[in-house]
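1. Make a model of this:
(one chain, ligands or ions: 1)
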Amino acid sequence: MKTVLITGSSRGIGLGLVKEYVKNGYKVVATCRDPETASDLKSTLAETNQPSAIALDVASDDSIFKAAEEVSKIVDSIDILINNAGVAAKNHPNDPAIGVDREDALRVYSTNVIGPLKVTEAFLPLLRKGNEKKVINISSSPGSCGCPGATLQSYATYNGSKGALNTVTRYLAVELNNFIIASIEPGWVDTDMGNAGGQLKAPLTVPDCTAKLFNTIKSLKKEDSSFYLSLEGKKMSS
Ligand code: NDP
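-> From the prediction side, this is the model:
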């Protein structure tokens, strides 16, 4: 049985990915900041005989390395790591470059850029024992300098963090050259973040998004490594 580890599984795309991988016969190691309060996740895991969720805050190295220790007690290897956890700037969708809030921007970069790097580092021993050796970083299309939206939307901090994530993904792929490591954009998805707390209405449902993500991740090949990919797996400019 293949094993996938997903960060930020309490809700949104992360919870959808848990359900998608369970449906497809994987052992799912679901992680989130506070497993006790993640009721939908808790019931999904219990009903499908999956291990209980593990506490993992991607903005805390202590939490990340403690989680890696806990996970090594329940699985011998991890085939796929999905770095899904992410945050927007505090006034999302109003996130201009002029007037950037340094403290808030550091929180966003710590979570969205450093988080995936440290999580990958902490779980490397288990990932090295996996057969698939895939690390997927969930990015965002306006984080790409090649996306016209990058100049139209006022998401400077958030998009900057996702652009940085695309860049560090390339370095990860170079350093871990026997892995398949890519950043993938999930589309505009109907979640708390996608809907900006009710101010917007995203067109793509979580199940549609996660079904496509599952297929794209499944079909990734070595030649896709280091790239920033669309939901359908098309190479995009980072
Ligand atoms: P949500 O806001 O709905 O969910 C975010 C998830 O990330 C929650 O589970 C949240 O946990 C978790 N999280 C936040 N901070 C941390 C942390 N420090 N440690 C661990 N988990 C954390 O967002 P989405 O589901 O929409 O987003 C998932 C990913 O997809 C993100 O990386 C986002 O940037 C990306 N994305 C989303 C798009 C969309 O349209 N929805 C578009 C492009 C990219 P908690 O419940 O504890 O807060």
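
2. was I right about residue 212 contacting residue 231?
-> Yes. Residue 212 is in contact with residue 231 according to CB atoms under 8 Å; the separation is 5.0 Å. Just so you know, the C-beta spots here come from the backbone N, C-alpha and C atoms, and that holds for glycine as well.

3. and the protein, which of its residues are near the ligand?
-> Within the chain, the positions near the ligand by CB under 6 Å from any ligand atom are 7-8, 10-14, 32-34, 57-59, 84-87, 111, 138, 140, 185-186, 188-189, 191-194, 202.

4. Those residues in strands, which ones?
-> Taking DSSP state E as the definition of strands, these contribute 32, 138.

5. which residue packs closest to residue 188, ignoring adjacent ones?
-> Of all residues not flanking residue 188 in the chain, residue 202 sits nearest, at 4.6 Å (CB to CB, 6 or more residues apart in numbering).

6. For that neighbour, grab the count of nearby residues.
-> 16 (other CB atoms under 10 Å).

7. Please name the residues that touch it.
-> 188, 189, 190, 191, 194, 195 (CB atoms under 8 Å, 6 or more residues apart in numbering).

8. How about residue 25?
-> 1, 2.

9. Spatially central, which residue of this structure would that be?
-> The geometric centre of the chain, computed from its C-alpha atoms, lies nearest to residue 84 (CA atoms, centre = their mean), at 1.5 Å.

10. my guess is it meets residue 6, correct?
-> Yes. Using CB under 8 Å, residue 84 makes contact with residue 6 at a distance of 5.7 Å.
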